[in-house]
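Student: Sequence first, predicted coordinates after that:
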Amino acid sequence: MKDARLVRKTESNSKSIVSLSKSVAIGGEEIVIIGGPCAVESLDQMETIARELKSAPIQALRGGVYKPRTSPYSFQGSGLIGLEILSTVRQHYDLPVVTEVMAISQIEEISHYADMLQVGSRNMQNFDLLKALGQADKPILLKRGLAATIEEFVMAAEYIMSHGNLNVVLCERGIRSFDSYTRNVLDLGAVAALKQITHLPVIVDPSHAAGRRELIADLSRAAIACGADGLIIECHPEPDQSISDAQQALTLENMIELVRSVQPVAKAVGRKVYESCLAIA
Ligand code: PEP
Ligand code: MN
């Protein structure tokens, strides 16, 4: 990995902090939890999530508006209407928003509405997209490819950074293996390794890793225990009605419980939890 010039940690304690807004940054002492549905479905859905979870607290909202679906006949996302919904809720609740960018042609439009651009697993090695995101003025959430090695993952981040954008957060979201009980296998070894090799913040997506809602809280606590800087988790006011990824969507009540249950683990590994969490605890 000697070519990972910009991503590699040069001193044992060097770390990057990536800001999403004036008050939310990933990679500092504070753990950041990003919550929201797989796909933006309606203003009402997003308003309900933001209203219920702002005090959980979560620090940012997620929601796909351009969706990479296995079948071309499945819902492909709400596009511009979804971006407008994200931007309304973002303003209303003062929560930064993260959404996926699938193509170079979407970068400008999405940058206008969102605080962080997500590169999905299926695009981790879309090198032209990575190069173009190197020139974007928004932080990038880079998800690990479905079967990408740690080196390939690190080099994908190097593509973005070497083209000018140093604000990259890595996301471990599970890799493919032989067992179909879970959707993927959450590679916490990669989280520990990435924290050692790179200076970038690393967050974990237990939702796409497990694919089953009953495993997500346990995996979230394990992720924080092994050094993750945050979590990105799918939830929905009516999980079974989700247009996509219904089996892994948490209820908003489960999401609140999860955020609270992560707190003692965060403290045990020397991390802070969001201030208003401490006030509630
Ligand atoms: C998502 O975050 O909704 C998503 C499609 O994730 P991934 O790219 O990790 O499959
Ligand atoms: Mn999803």
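Tutor: Cool, the structure landed. Residues are numbered from 1 along each chain as shown. Ligands and ions are numbered 1, 2, ... in the order given.

Student: now the helices: where do they sit in the stretch 1-150 of the chain?
Tutor: Remark: helices assigned in the stretch 1-150 of the chain by DSSP state H, counting those that start in this stretch are 43-53, 79-93, 107-113, 127-133, 150-162.

Student: And for whichever residue of the chain sits closest to ligand 2, the neighbour number?
Tutor: Closest residue of the chain to ligand 2, C-beta to the ion: C38 (3.3 Å). (Each C-beta comes from the backbone N, C-alpha and C, glycine too.) The number of residues packed near C38 is 23, by other C-beta atoms under 10 Å.

Student: So L252 sits against I49, correct?
Tutor: Yes. Under the criterion of C-beta atoms under 8 Å, L252 makes contact with I49 at 6.6 Å.

Student: Determine the residues that are contacts of both of these two.
Tutor: Both L252 and I49 are contacted by 235-237, under the criterion C-beta atoms under 8 Å, 6 or more residues apart in numbering.

Student: Using TSV, lay out the residues you listed together with distance to ligand 1, neighbour count and secondary structure.
Tutor: As requested, the shared contacts of L252 and I49 are exported to TSV (distance: C-beta to the nearest ligand atom, whole Å; neighbours: other C-beta atoms under 10 Å; DSSP: H, G, I helix; E, B strand; the rest coil):
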residue	distance to ligand 1	neighbour count	secondary structure
C235	12	29	strand
H236	12	26	coil
P237	17	19	coil
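
Student: Quick check: of these, which lies closest to G82?
Tutor: H236 (14.7 Å; C-beta to C-beta).

Student: which one is the closest one nearest to, not counting chain neighbours?
Tutor: A249 (4.2 Å; C-beta to C-beta, 6 or more residues apart in numbering).

Student: so what's that neighbour up against?
Tutor: So A249 contacts 37-38, 207, 213, 234-236, 239, 242 (C-beta under 8 Å, 6+ apart).

Student: ok, now with 6 Å
Tutor: Residues counted as contacts of A249 (C-beta atoms under 6 Å, 6 or more residues apart in numbering) are 234-236, 239, 242.

Student: hmm, back to that, any chance of the helices of the stretch 1-150 of the chain in CSV, with mean neighbour count too?
Tutor: Rendered in CSV, the data for the helices of the stretch 1-150 of the chain read as follows (neighbours: other C-beta atoms under 10 Å):
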stretch, mean neighbour count
helix 43-53, 19
helix 79-93, 18
helix 107-113, 16
helix 127-133, 18
helix 150-162, 20
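
Student: all strands in the stretch 151-281 of the chain, in order from the N-terminus.
Tutor: Remark: strands assigned in the stretch 151-281 of the chain by DSSP state E, counting those that start in this stretch are 168-172, 202-204, 230-234.

Student: CSV please, covering those and showing mean neighbour count.
Tutor: Compiled in CSV, the strands of the stretch 151-281 of the chain are given as follows (neighbours: other C-beta under 10 Å):
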stretch, mean neighbour count
strand 168-172, 27
strand 202-204, 26
strand 230-234, 27
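
Student: Distance to P96 and mean pLDDT for these - can I get that in a markdown table?
Tutor: Output for the strands of the stretch 151-281 of the chain, formatted as a markdown table (distance: least, C-beta to C-beta, whole Å; pLDDT from 0 to 100):
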| stretch | distance to P96 | mean pLDDT |
| --- | --- | --- |
| strand 168-172 | 12 | 99 |
| strand 202-204 | 14 | 99 |
| strand 230-234 | 12 | 98 |
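
Student: With distance to D179 as extra columns, can I get the ones you listed in JSON lines?
Tutor: Putting those into JSON lines (distance: least, C-beta to C-beta, whole Å) gives the following:
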{"stretch": "strand 168-172", "distance to D179": "17"}
{"stretch": "strand 202-204", "distance to D179": "19"}
{"stretch": "strand 230-234", "distance to D179": "21"}
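
Student: so how far is A4 from the spatially most central residue of the chain?
Tutor: By C-alpha atoms, centre = their mean, the chain has its centre lying nearest to I232, at 4.2 Å. Distance, I232 to A4, by C-beta to C-beta, to the nearest Å: 23 Å.

Student: from the shared contacts of L252 and I49, which is closest to T70?
Tutor: Nearest to T70 among these, with distances taken as C-beta to C-beta, is H236, at 19.7 Å.
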